[in-house]
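A.B. asks: give the three-dimensional model of this entry:
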Amino acid sequence: MKFVTVFVSIILSLLIIFTPKANAAPEVGLMVGSDSGINVKMNEYKFGVGFDDFSFTLDKTFNFKDHPHFYWGVGGKIADKKNDDIKLGARAVFGAHTKVERFTFFIEAQPTLYLIDDVKVELEAIGGVRYHF
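C.D. replies: Residues are numbered from 1 along each chain as shown. Now for the predicted structure:
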């Protein structure tokens, strides 16, 4: 449980430091796939909490200029496996989204390079919906 407390403190500190000053409304929703849980987006930053392996993700996304429904990004992931193994990974994000009224539907592919214990690359994917406040 010490892992969770330390990690939540680090994530909250990073969000406070790097949160842009623009007044965009947050988007909050659910995601399913490699990480099933809660997904929050504010401006170009995405934060996820997965409940399958209890994981946290933080990504910075960038829209393609000529294709507004597609985006890419970079970020990190930390997961606490059920056998008390902690996994830390750097990842890329490639996704598509569309807005329908106050909802955004999205899908993402996330190649992740895990760096602790066993160095390996895993292709993860999620899909979900977020509500605009």
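A.B. asks: could you find the closest non-adjacent residue to residue 31?
C.D. replies: residue 128 (3.6 Å; CB to CB, 6 or more residues apart in numbering). Heads up, the C-betas are built off the backbone N, CA and C, glycines and all.
A.B. asks: that should have said residue 102, apologies.
C.D. replies: Closest to residue 102 by CB to CB, 6+ apart is residue 132, at 4.7 Å.
A.B. asks: tell me, how many residues neighbour the residue nearest to residue 31?
C.D. replies: 21 (other CB atoms under 10 Å).
A.B. asks: tell me which helix or strand comes right after the lowest-mean-pLDDT helix or strand in the chain.
C.D. replies: Least confident helix or strand, the chain: helix 2-18 with a mean of 56, by mean pLDDT, DSSP states H and E. Downstream of helix 2-18, the next assigned helix or strand under DSSP states H and E is strand 27-33.
A.B. asks: got the CA coordinates for that next one in CSV?
C.D. replies: C-alpha atoms of strand 27-33 as CSV (Å, rounded to 0.1, in the frame of the first residue of the first chain):
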residue,chain,number,x,y,z
GLU,A,27,-13.5,15.0,-19.7
VAL,A,28,-14.2,12.0,-17.4
GLY,A,29,-15.2,8.5,-18.4
LEU,A,30,-14.6,4.8,-18.5
MET,A,31,-12.1,2.7,-20.5
VAL,A,32,-12.0,-1.0,-21.2
GLY,A,33,-9.2,-3.2,-22.6
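A.B. asks: tell me which residues are up against that strand.
C.D. replies: Residues external to strand 27-33 that are found in contact with it (CB atoms under 8 Å, 6 or more residues apart in numbering): 36-42, 48, 50, 103-104, 124-133.
A.B. asks: out of the residues you listed, which end up buried?
C.D. replies: For those, a neighbour count by 16 or more other CB atoms under 10 Å gives the buried set as 36-39, 41-42, 48, 50, 104, 124, 126, 128-130.
A.B. asks: dump those residues to JSON lines, plus pLDDT, distance to residue 110 and secondary structure.
C.D. replies: JSON lines is the format used below for those (pLDDT from 0 to 100; distance: CB to CB, whole Å; DSSP: H, G, I helix; E, B strand; the rest coil):
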{"residue": "36", "pLDDT": "94", "distance to residue 110": "14", "secondary structure": "coil"}
{"residue": "37", "pLDDT": "96", "distance to residue 110": "14", "secondary structure": "strand"}
{"residue": "38", "pLDDT": "96", "distance to residue 110": "16", "secondary structure": "strand"}
{"residue": "39", "pLDDT": "96", "distance to residue 110": "12", "secondary structure": "strand"}
{"residue": "41", "pLDDT": "95", "distance to residue 110": "15", "secondary structure": "strand"}
{"residue": "42", "pLDDT": "92", "distance to residue 110": "19", "secondary structure": "strand"}
{"residue": "48", "pLDDT": "95", "distance to residue 110": "10", "secondary structure": "strand"}
{"residue": "50", "pLDDT": "93", "distance to residue 110": "11", "secondary structure": "strand"}
{"residue": "104", "pLDDT": "96", "distance to residue 110": "17", "secondary structure": "strand"}
{"residue": "124", "pLDDT": "95", "distance to residue 110": "4", "secondary structure": "strand"}
{"residue": "126", "pLDDT": "97", "distance to residue 110": "7", "secondary structure": "strand"}
{"residue": "128", "pLDDT": "97", "distance to residue 110": "13", "secondary structure": "strand"}
{"residue": "129", "pLDDT": "98", "distance to residue 110": "17", "secondary structure": "strand"}
{"residue": "130", "pLDDT": "97", "distance to residue 110": "16", "secondary structure": "strand"}
